[in-house]
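Participant: Quick one, structure for this:
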Amino acid sequence: MWWKHPYFKYITGFILLLIAIFFMNLLHIFDPIKIIIGTLFYPILIAGFLYYLLKPFVKWLRKFKFMPEELAILTVFGVIAGAIYVASFFLAEKINTQVSDLTNKLPEKLKKMTKEAENTIEQNDMGMLSVETLRQKAGSYFSELAQGFGENITQIVSTVTGATTVIVIVPFVLFYFLKDDHRFVPFMMNFIPKKHVDEGKQVLRNIDEKLSAYIFGQITVALVDAALMYIAYLIIGIDYALILAIFVAVTSVVPFFGPIIGIIPALVISLTQDPAMALYVLIALVIVQQLEGNLVAPLVLGNRLNIHPLTIILLLIVAAALYGFIGMLIAIPLYAVLKVTIINLYSFYKLRH
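Facilitator: This next block holds a predicted model:
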């Protein structure tokens, strides 16, 4: 009979498991687990990204016989701290000046631009739009925004505190990631039957190579994008070029959409200077993306991920809808891990059968 088929048993068991999870969630049984995962997620995520960036340098230092593992890691940490100090020494004053100028002058420029837009509407709307209505709606919106800010001030303070905690914890997590990474594979092999140990090691090795290639390559591409956009901003003469370039560096870690998101502040600022400058910003983006797509990305990334561009775009859209910028950040490497795991396991299955 059909209900005795193994697939029916598996589907029934799966449905019962989902029902059990649903009711356990209603009873808040998973709340402690959610808190633990939420607390550890960001430190582990940031430390994981930094691990793949710093691992090649630690391995290079380990080649020197007089350099023990702990000293190699601390040396890399010291070099990074020194680089940050030097950068802050030369750039801190410029960044502070631009941030202060941006904070003080941009609202006034936006207000002036809004007033000019109102005058344009009054002269050309022919009664179809009411400036007073637009002003009332804008006032209502900003009033609600201010009220929401006041109501969520506790959450904002909590977020800032959490970010500070993450910054403090990450170096310690990263240190042990770099120090004890050789223990990870033997630990994972404890959960795999002995006859599949070789296959398990191969899967983990492939995953490590894919993640290392993607993270190191994407960070490199993001820094190159930021440097090229900074040069472009200086050429077109836009204000706050350094801050805008730093913003591009942060967002360009996300492929495809990151550079587009990164120029949004530049477009806003360019409109306050000269509307024609917004066109120059877009032209600069196109040129930089052409240089990146034809020169930088093939050299740094190559085809090591082997993911179709359409797949990447769809993954980023879904990840953004689910988890925002963080979702977009981890969607591609997570997909690469799953893809490598499934392909390897299927290959091993075919070899054994």
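
Participant: Which strand or helix spans the nearest residue to I219 once chain neighbours are set aside?
Facilitator: If you skip the residues right next to it in sequence, I219 has L53 as its closest partner in space, 6.1 Å away by CB to CB, 6 or more residues apart in numbering. From N, CA and C alone the C-beta is placed, and that goes for glycine too. In this assignment (DSSP states H and E), L53 forms part of helix 31-62.

Participant: re earlier: so what's the residue nearest to I219 up against?
Facilitator: 215-216, 219 (CB atoms under 8 Å, 6 or more residues apart in numbering).

Participant: count of residues packed around the residue nearest to Y240 when sequence neighbours are not counted?
Facilitator: Nearest non-adjacent residue to Y240, counting by CB to CB, 6+ apart: Q98, 4.8 Å away. Residue neighbour count, defined by other CB atoms under 10 Å, stands at 18 for Q98.

Participant: Could you list the low-confidence segments of the stretch 1-150 of the chain?
Facilitator: Using pLDDT under 70 as the threshold, the predicted model of the stretch 1-150 of the chain has low-confidence ranges 1-8, 30, 34, 36-38, 102, 105-150.

Participant: which stretches of it form helices?
Facilitator: Listed in chain order, the helices found in the stretch 1-150 of the chain under DSSP state H, counting those that start in this stretch are 6-26, 31-62, 69-124, 131-151.

Participant: now swap in the stretch 251-353 of the chain and tell me
Facilitator: Listed in chain order, the helices found in the stretch 251-353 of the chain under DSSP H, counting those that start in this stretch are 257-262, 264-273, 275-291, 297-300, 309-352.

Participant: Of the ones you listed, which shows the lowest average pLDDT?
Facilitator: Ranked by mean pLDDT, the helices of the stretch 251-353 of the chain bottom out at helix 297-300, with a mean of 66.

Participant: Can you tell me the number of residues neighbouring the nearest residue to F256 once chain neighbours are set aside?
Facilitator: Among residues not flanking F256 along the chain, I313 sits closest, at 5.9 Å (CB to CB, 6+ apart). Counted by other CB under 10 Å, the residues lying close to I313 total 13.

Participant: Please spell out which residues along the helix holding L53 are buried.
Facilitator: For helix 31-62, the buried set under the neighbour-count rule, 16 or more other CB atoms under 10 Å, comprises 42-44, 46-55, 57-58, 61.

Participant: Next, the angle helix 309-352 makes with it.
Facilitator: What separates the directions of helix 31-62 and helix 309-352 is an angle of 80 degrees, with axes from the mean of the first three to the mean of the last three CA atoms, to 10 degrees.

Participant: ok and helix 31-62 relative to helix 6-26, angle-wise?
Facilitator: Inter-element angle recorded for helix 31-62 and helix 6-26: 100 degrees (by the same axes, to 10 degrees).

Participant: from the middle of its chain, how far away would helix 31-62 be?
Facilitator: Using CA atoms, centre = their mean, to the nearest Å, the mean C-alpha position of helix 31-62 is found 14 Å from that of the whole chain.

Participant: Look up how far F256 lies from L228.
Facilitator: Here the distance between L228 and F256 works out to 17 Å (CB to CB, to the nearest Å).

Participant: Please identify which of these two sits among more neighbours.
Facilitator: With other CB under 10 Å as the criterion, L228 and F256 differ in neighbour count, and L228 comes out ahead with 20 against 14.

Participant: And the residue nearest to F256, how far from S252?
Facilitator: For I313, the distance to S252 equals 16 Å [CB to CB].

Participant: can you check N190 too?
Facilitator: The separation that N190 has from S252, given CB to CB, amounts to 39 Å.
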